[in-house]
Each structure stands twice: as C-alpha cells, then as structure tokens.
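Q: Sequence and predicted structure, then a few things I'm wondering about:
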Amino acid sequence: MRAYHWNGTALTVLDTKTWAGSQATSFNVDVGDLDGDGTEEIVTVGWTGEWETMNSQIRVWSWNDGLHLKESKKWIQEGSTWSKCYDVSLGRLNGRTMIATVGYFGLGDKTHAEVRLWGYESDLSLAAAEKWESEGDVLALGVFMDENRIYTVGMSKDGNYANAQLRVWKYGSLTLEASEEWHTVGNTLACNVFAADVDGDGAKEVLTVGWANDGRRSRAQLRVWDYDSGLTLKDSEEWYKEEDTHSFSVFAADVDGDGANEILTSGNANDFKLCQITVWSYPDVENPMISGLTPGRRG
Ligand SMILES: [Ca+2]
Ligand SMILES: [Ca+2]
Ligand SMILES: [Ca+2]
C-alpha cells in the first residue's frame, strides 16, 4: 500500500508498506474515521496464503507521519480451502462509521458469495455476515455503502449463462431488500457499484459497471438504476473499442464544476491492449438537451 500527497501539481509518495504470504494481494482500499476520534483510518482488503489455502484479509491502518498497522484479520469459511475479499466500502450507518466487505469462496464444486459488515472502535469486530449461492458459481466483486444501505454487485451463474447481479441489503441485520440479475446476449458481469444523484433531482441513482458479451465480444456496460421500493433500470449503455472492452470501476463527481454530477468509468478496451476512462452525462433536470447516458469525447 502507498500513501501519496497531491500538492496541486505533483504526487509525492509519503509512505509505502508491503506484506506477504507466499501469495498475497491487496485489492481495494477505503478511508473513514472508524473510532470517531477525528482522524481517518485506512482499510485495505485482499487475500493471503498459499495456493492450497487462501484466506480473505482485512487490515486497518492509521496515519501519523507514516502508515501504522492497527489490526489485521484473516478468515475462511469452514469446509472451504480458499476465500478472496474483493472490495471494501466505509459508510455512516446509524451515526457510526462501519465497514462493508464482499468476496467469494470455494465450497464443493462451486463458488459462494459473501457480504460482511464490520465495526471498529478499539478493535475490529464482525457485526453481521451473509452468504449466498446460485445454481452455478456466484461472485461478489463490488460493494458500496450509503445512507443505511449496502449495494453489492457480481455475477451469478444460472446453469446456462453468467448473469450480472445487483443486490441491495438493509443495514444492521443485512436483510436482502432487492436483487436483480440480467444478461444481454451472452455472459454478463457487474464488478463495481456507486450511488450518487446524477440528474440533479435530489434522489440518488445507483450506478453499476461491468461487461456483457454480445455474441462476438465483451462490451463494457454502464447502468443507471432507480432505487425506491425496488430496483428500476433507468438507462443502460454498452460499448466497445476494436475488441473486448471491460469497465472495472465507476464513480460520480462534479468534474466540471457546473453543479451536476458526471459519471466516470474506467477499464480497458481492445482486448486488454488499451486503458480507457470515460466521463458521462446523464439527463440533467436543468438541461433537457441530454436525453440519456451521453459519453464525453470518446478516445
Ligand atoms: Ca479515527
Ligand atoms: Ca437523481
Ligand atoms: Ca458537472
């Protein structure tokens, strides 16, 4: 892990820490004040171990003139030989900053997905956990926590196809509130999720990215969902550049300072030979000229 400082013109590395099993990956990071003392903690997730026994791993770090490891936990489901934690999201739930993680593990002849909710005050404690399976493999790859809800995305095999899967969980007991699965032509997968108001009406949309196979190639896919009593698809865009194109992450922010959030997606194109970032507009209540998801200049 590396911590950088941005002074407006240049990035400076402040500190870097490495750690290992014989196989180890740190896959994602998020930041928030977990213990309420006014300084932010840093949380990383990934996996560590040998190929034969891989454990999910979560680490809590503090910053004080350098990175300091405060706590580290590993876990694996009983009966499983490997477990991978893919994503982490920190959010305020009932006035307290909590940690949500997602990943998946092998059990029997297929993979199972899991979501975990953690609290941290003086130490890291598991508040709730849910696991789920489908007819074939199921993966949980992305998580976003916002306003007492936890959104997870991944893939669920129904016997014929891989379907992208978006789930909404209620905070606390981790009760499943809504679940949507979809594929377009062939295998489809969602790997990242975010929530923000992208049309300026004051209500947040749920954004998912991944890819969908059109029978010839993988196309990157961005979807905008409404979440009220259930999930409603508002818009979907698929695109490719030359060959297989994938979108791995999504974020929303007002990048041009006009008061409306843009959507940012990043991934790759031309069968992993190109990196790609796209800035999207979504119909702005102030600007009816835009009728749907509209990419900025596409490279
Ligand atoms: Ca703190
Ligand atoms: Ca909205
Ligand atoms: Ca804007």
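A: Yes, it's here. Ligands and ions are numbered 1, 2, ... in the order given.

Q: residue contacts, the nearest residue to residue 123 once chain neighbours are set aside?
A: Nearest non-adjacent residue to residue 123, counting by C-beta to C-beta, 6 or more residues apart in numbering: residue 71, 6.0 Å away. All C-beta spots, glycine's among them, are computed from the backbone N, C-alpha and C. Residue 71 is in contact with 59-60, 120, 123-124, counting by C-beta atoms under 8 Å, 6 or more residues apart in numbering.

Q: can you list the residues of this protein near ligand 2?
A: Within the chain, the positions lying close to ligand 2 (C-beta under 5 Å from the ion) are 197, 199, 201, 203.

Q: Determine which two of those are furthest apart.
A: 199 and 203 (8.5 Å; C-beta to C-beta).

Q: Tell me the residues of the protein that contact ligand 1?
A: So far as C-beta under 5 Å from the ion goes, the chain lies against ligand 1 at 33, 35, 37, 39.

Q: can I have the strand or helix carrying residue 193 written out in PDB, keeping just the CAs?
A: Here residue 193 sits within strand 188-196, counting by DSSP states H and E. This file holds the C-alpha atoms of strand 188-196, laid out as PDB (Å, rounded to 0.1, in the frame of the first residue of the first chain):
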ATOM      1  CA  THR A 188     -22.700 -10.600 -18.300                       C
ATOM      2  CA  LEU A 189     -21.000  -9.500 -15.100                       C
ATOM      3  CA  ALA A 190     -21.000  -6.400 -12.900                       C
ATOM      4  CA  CYS A 191     -17.900  -5.600 -10.900                       C
ATOM      5  CA  ASN A 192     -18.400  -2.100  -9.400                       C
ATOM      6  CA  VAL A 193     -21.200   0.000  -7.900                       C
ATOM      7  CA  PHE A 194     -21.700   3.500  -6.700                       C
ATOM      8  CA  ALA A 195     -24.600   5.700  -5.600                       C
ATOM      9  CA  ALA A 196     -25.000   9.500  -6.300                       C
END
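
Q: picking up where we left off before, name the residue in residue 199 and residue 203 with the higher neighbour count.
A: Taking neighbours as other C-beta atoms under 10 Å, residue 199 and residue 203 compare with residue 199 leading, 19 against 10.

Q: helix or strand right after the strand holding residue 193?
A: Taking DSSP H and E, what comes next after strand 188-196 is strand 205-213.

Q: same for that following strand, what does it pack against?
A: strand 149-157, strand 162-170, strand 188-196, strand 218-227, strand 231-239, strand 246-253, strand 262-269 (3 or more C-beta pairs under 8 Å, 6 or more residues apart in numbering; DSSP states H and E).

Q: All good on my end, thank you.
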